[in-house]
Structures are given as structure tokens and as C-alpha cells.
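Undergrad: Here is a sequence with its predicted model. Questions after.
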Amino acid sequence: MVSIWGTLMAPFRSFRSLISRLRAARGGNVAMIFAFVAPVLAILAASSIDIGNVANARRALQSALDSSLLAAARSGSLTDAALTDAARTFLEANRPSALRDAPVSVAVRSTGTIGDMTLEGEAGVVVPVTFARILGRDTIPVSVTSEIRAMQTPQLQLSLILDTTGSMAGSKISTLRNAARDLVNYIRDRVESPIAVVPFAQYANFGTASGSEDGVIAPTI
């Protein structure tokens, strides 16, 4: 009787042993989890290349806009349209390689008055992507902003130290005067700049504003 019962129960004991081994096994679980996770990891790894390209494009666009806005402020333009054209021209002439050949939009707005003007710039570019197309995206738009304050401060301070010694007699002194006058007029027509004219022969003459009664300052040698 015992032997018959043992024979009947043997298959059940084998089945229970099989279930216990399956429950204790971990290799199958890892394989199954990896089968689900691997495609996601592959997509993320591939998309990281596109993310890097977009980040590079953003940095390049920000730097380009900052420089273009400064160039627009120095252009002497007053209207928003003229400032925008100046910024766009500078950006296209100095386009970073990270932006490739993608069209870049630029807009500049100004507030304030001459002498104390704030320029706000905005630039945008559409970056093409490769691996992110798996997620249904062919391009990723990137936009940046920048702002500067354009103050009317002297950008140039010029001092002309002119030789008036005897060696400059005749046509030399005439040429010197004409050249100095032309240079002063050229600069004054373009920027507000302080210009000092200091003739010297035996002594340098800095004018009465220097604190000397007659403007003549003797050398200290």
C-alpha cells in the first residue's frame, strides 16, 4: 500500500520541485526585464547624440546673438528694422559652424532714447535631428534672447602730440596741420570723443586747463 501511494505521489513531488526551482531562478527574470528595457535604452542612447547637437547649437546661437547685438549697437542705426538688419548681417558673416546652414531668425527691439538705449535681441534656429525621428521628431526648435544697454559714452579718447620744432618748418608743418585737422573732423563727424592737441617744441604746451598759468610744462629731466 505504501509503495503504491509513493508511486502515485511521485509526479506531484516532481512538479512541486519544478515550481520551486522556477520561483528561485533569477536568470529568466533578468532576461525578461532586459528585453523590455533594452529598446528604451537604445532609443535614449541614440537620442543623446541629437540632444548634444541641440545643446551645441543653443550655445553657439547665444554667443552669436550676443556679438550681433553689440555690433548692431555700434552700427549707429536707430530704428528696430535697421538694428535687426545690422545684427543679421553680422551674424551671417560670423556664423558658427554648430548652426550649419539652417536659417536663423533675428529680431532686435530698442527702448529708450539716444544716449541711453536698451536693445533686446531674439534669435531662433531649427536644428535637424536624426535619431529622435524614432520619437516622431524631425527637428527641434531652439531660441535664445539677449539684452544690452547702449550708453552714449566716449568710445575713443585721442591725444595728438604735434611736433612744432624747427625741423618741421616749411611744408612739413602745413602738412601736419592739415592732417591733424582732417583727422579731428573725421572723428568728430562719427563719434563724440574728447580730443587733445598738444604741440611741443622745447616744452610741451598742454594749455591753461592743465593748471599751469601759461600752459607750458617744462620737462622734468
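TA: It's in. Everything quoted here is computed from the prediction, not taken from an experiment.

Undergrad: quick one: low-confidence parts of the chain?
TA: 1-47, 114-115, 132-136, 151-156, 191, 204-221 (pLDDT under 70).

Undergrad: now the strands: where do they sit in it?
TA: Per DSSP state E, the chain carries strands over the ranges 104-113, 116-128, 139-151, 158-163, 195-200, 204-205, 216-217.

Undergrad: Next, format the ones you listed as JSON lines and append distance to residue 73.
TA: Placement of C-beta: from N, CA and C, glycine included. Shown next, in JSON lines, are those (distance: least, C-beta to C-beta, whole Å):
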{"stretch": "strand 104-113", "distance to residue 73": "9"}
{"stretch": "strand 116-128", "distance to residue 73": "6"}
{"stretch": "strand 139-151", "distance to residue 73": "4"}
{"stretch": "strand 158-163", "distance to residue 73": "21"}
{"stretch": "strand 195-200", "distance to residue 73": "23"}
{"stretch": "strand 204-205", "distance to residue 73": "37"}
{"stretch": "strand 216-217", "distance to residue 73": "39"}
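
Undergrad: hey, which of these is tucked in deepest?
TA: Each of those was assessed for mean neighbour count using mean count of other C-beta atoms under 10 Å. The highest is strand 116-128, with a mean of 18.

Undergrad: So which residues make contact with that one?
TA: Strand 116-128 has contacts (C-beta atoms under 8 Å, 6 or more residues apart in numbering) with 53-54, 57, 61, 64-65, 68-69, 72-73, 83, 87, 91, 99, 102-112, 138-152.
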